[in-house]
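Q: below is the sequence, then the predicted model.
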Amino acid sequence: MDKSRNSLAHGNRGEATAAKQRRLQKEQDLRDVQPSESSATVKKRRKVPLPTQHLLKPGLETEMQLKPQFDAPHYKGSGKLRGFSTLITGGDSGIGRAVAVLFAREGADVAIVYLNEHTDAEETRRHVEAEGARCTVIPGDVKDAGFCTRAVKTVIDNWGRLDVLVNNAAFQEHAESLADLSEERFDETMKTNVYGYFHMAKAALPHLQQGASIINTGSVTGLRGSKELLDYSATKGAIHAFTKALASQLVDKGIRVNAVAPGPVWTPLNPADKQPEDIAEFGHKTDFGRPAQPEEISPAYVFLAAPCCSSYITGMVLPITGSAGDGA
C-alpha cells in the first residue's frame with residue numbers, strides 16, 4: 001500500500017512538472033509571436049546601418065562615408081609608455097591609427113609604416129602630434145625585407161631606441177572557392193601578412209632590449225577560419241603560431257611577444273574587400289550585432305605594450321571578437 005501511494009505521489013509530481021513545463025513553453029510561444037517592447041528595442045539598437053560602399057585597394061579612411069571611431073575620447077592616458085619609441089605597420093588607418101593615438105596619449109613616440117596611403121598617414125601624424133608625441137611616417141612595402149630594415153633604422157636614427165613593434169599591415173581579398181584563389185593572390189596575402197611580420201620582427205630584434213615587446217595583429221579568422229577568406233585565415237593562423245613560438249624563443253631575453261585577434265572591425269580593409277551589398281551586413285553575426293570600432297580594440301595594444309600592465313604575459317593571443325566563447 002505504501003509503495004502504491006508513493007508511486008501515485010511521484011506520478012502526480014511528474015504530471016505537475018510536465019504541466020508547468022507546458023505552461024512555461026506556452027508563455028515563451030506567446031513572446032515569440034508578440035515580442036516585448038524591450039526585446040524589439042534591443043534588436044533595433046543592435047542593428048547598425050553601414051554604408052553600401054566599395055573602396056579601391058589599399059583603401060583610404062578619408063574616403064569612407066562612415067568614418068571609423070579611433071580617437072577614444074573616453075580613454076585617459078597615464079604615462080604607461082612614457083619615453084617609449086614605437087613602430088606600427090599599417091599605422092595610417094584603422095586599428096593601426098587607433099593604436100598610434102593611444103600610444104601617443106600614453107607618452108610614446110610613434111613611427112608609422114604604411115604602403116602608399118599618404119593622406120591617411122598625414123592625418124594620423126596630425127592626431128599623434130596633437131597628443132604631444134613625436135611622429136614619423138615611413139611609406140613602403142613590408143614584403144620587402146630591405147625596406148623593413150630601413151624602416152627600423154629610421155626609428156633608431158631618429159630616437160635612438162625601439163621599445164615596441166606592432167605588426168599590423170595586412171592584405172585581404174575574398175574568394176568564393178579554392179578554385180577562384182590564384183597563386184598570385186595567395187602569394188600576395190602570404191607575403192604581406194606573414195613575411196611582412198617576419199621581416200619586421202627580424203629587423204627590429206637587434207634593437208629590442210629587456211622590457212620591449214612585439215605585438216602582432218591576428219584575427220578571429222585565425223581562430224575559426226572563414227570560408228571566403230581561406231588564404232587570409234591561413235595567414236592569421238600562422239601569425240598566432242608565430243607569436244607563440246617567438247615568445248618562447250625571446251622570453252629569456254626579457255622580450256614579450258603577444259597577439260590581438262580582433263573580430264570584424266570597421267576599417268578600410270573591409271570596404272576594400274567586400275561588395276557594397278555585403279558591407280551593409282558586416283559584423284551583424286557577432287553577439288553585439290555590429291563590427292567593433294578601432295577605439296574598442298586599441299586599448300588591448302596598450303595593455304600588451306606596457307610592462308606595468310603585462311610584464312608576466314607572453315605568447316598570448318587575445319581574442320576581441322564581439323562574440324562569447326571565441327578563444328585561442
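A: Happy to help now that I have it. Numbers count the residues shown, from 1 in each chain.

Q: and the protein, what are its domains?
A: Structural domains assigned to the chain are 2-34, 46-320, following automatic domain parsing.

Q: now mean neighbour count, mean pLDDT and distance to residue 326 too, for these, in TSV please.
A: Where you see a C-beta, it was placed from the backbone N, CA and C, and this is true even at glycine. Supplementary listing: the domains of the chain in TSV, determined by neighbours: other CB atoms under 10 Å; pLDDT from 0 to 100; distance: least, CB to CB, whole Å:
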stretch	mean neighbour count	mean pLDDT	distance to residue 326
domain 2-34	10	69	27
domain 46-320	19	92	5
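
Q: tell me the SS of residue 238?
A: Following DSSP: H, G, I helix; E, B strand; the rest coil, residue 238 is assigned to helix.

Q: nearest spatial neighbour of it, chain-adjacent residues omitted?
A: residue 194 (5.1 Å; CB to CB, 6 or more residues apart in numbering).

Q: now do the contacts for that neighbour.
A: With contact taken as CB atoms under 8 Å, 6 or more residues apart in numbering, residue 194 is in contact with 235, 238, 239, 242.

Q: now do the SS call for the last one.
A: Read it as residue 242. Per three-state DSSP, the secondary structure class of residue 242 is helix.

Q: who touches the closest residue in space to it that isn't next to it in sequence in this structure?
A: Counting by CB to CB, 6+ apart, the nearest residue to residue 242 once its immediate chain neighbours are dropped is residue 197, at 6.5 Å. Applying CB under 8 Å, 6+ apart, we find residue 197 in contact with 142, 167, 216, 239, 242.

Q: and these, which is closest to residue 107?
A: Sorting these by how near they are to residue 107, with CB to CB, puts residue 167 at the top with 21.7 Å.

Q: how about the closest one, what does it touch?
A: Residue 167 neighbours (CB under 8 Å, 6+ apart): 89, 196, 197, 200, 201, 214, 215, 216, 217, 239.

Q: which of the helices or strands spans the fifth one?
A: Take DSSP states H and E as the rule and residue 201 turns out to sit in helix 196-204.

Q: so what's the gap between that helix and the chain middle?
A: Taking the mean C-alpha point of helix 196-204 and that of its whole chain, the gap between them comes to 19 Å (CA atoms, centre = their mean, to the nearest Å).

Q: and the helix or strand that that helix is followed by, what does it pack against?
A: Next along the chain after helix 196-204, taking DSSP H and E as the criterion, comes strand 213-217. Counting contacts by 3 or more CB pairs under 8 Å, 6 or more residues apart in numbering; DSSP states H and E, the secondary-structure elements packed against strand 213-217 are strand 164-167, helix 196-204, helix 230-250, strand 256-262, helix 294-305.

Q: what's in contact with strand 213-217?
A: The set of residues external to strand 213-217 that reach it, using CB under 8 Å, 6+ apart, is 90, 95, 163-168, 170, 197, 201, 204, 208, 239, 242-243, 246, 250, 255-260, 262, 301, 304-305, 307, 310.

Q: could I have the CA atoms of the host helix or strand of residue 153 written out in PDB?
A: According to DSSP H and E, residue 153 maps onto helix 145-159. These are the backbone C-alpha positions of helix 145-159, laid out as PDB (Å, rounded to 0.1, in the frame of the first residue of the first chain):
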ATOM      1  CA  ALA A 145      63.000  42.800 -46.200                       C
ATOM      2  CA  GLY A 146      65.300  45.600 -47.200                       C
ATOM      3  CA  PHE A 147      62.600  48.200 -46.600                       C
ATOM      4  CA  CYS A 148      61.800  46.700 -43.200                       C
ATOM      5  CA  THR A 149      65.500  47.100 -42.200                       C
ATOM      6  CA  ARG A 150      65.500  50.700 -43.400                       C
ATOM      7  CA  ALA A 151      62.300  51.500 -41.600                       C
ATOM      8  CA  VAL A 152      63.700  50.200 -38.300                       C
ATOM      9  CA  LYS A 153      67.000  52.100 -39.000                       C
ATOM     10  CA  THR A 154      64.900  55.300 -39.400                       C
ATOM     11  CA  VAL A 155      63.400  54.900 -36.000                       C
ATOM     12  CA  ILE A 156      66.800  54.200 -34.400                       C
ATOM     13  CA  ASP A 157      68.400  57.200 -36.200                       C
ATOM     14  CA  ASN A 158      65.500  59.500 -35.000                       C
ATOM     15  CA  TRP A 159      65.000  58.400 -31.500                       C
END
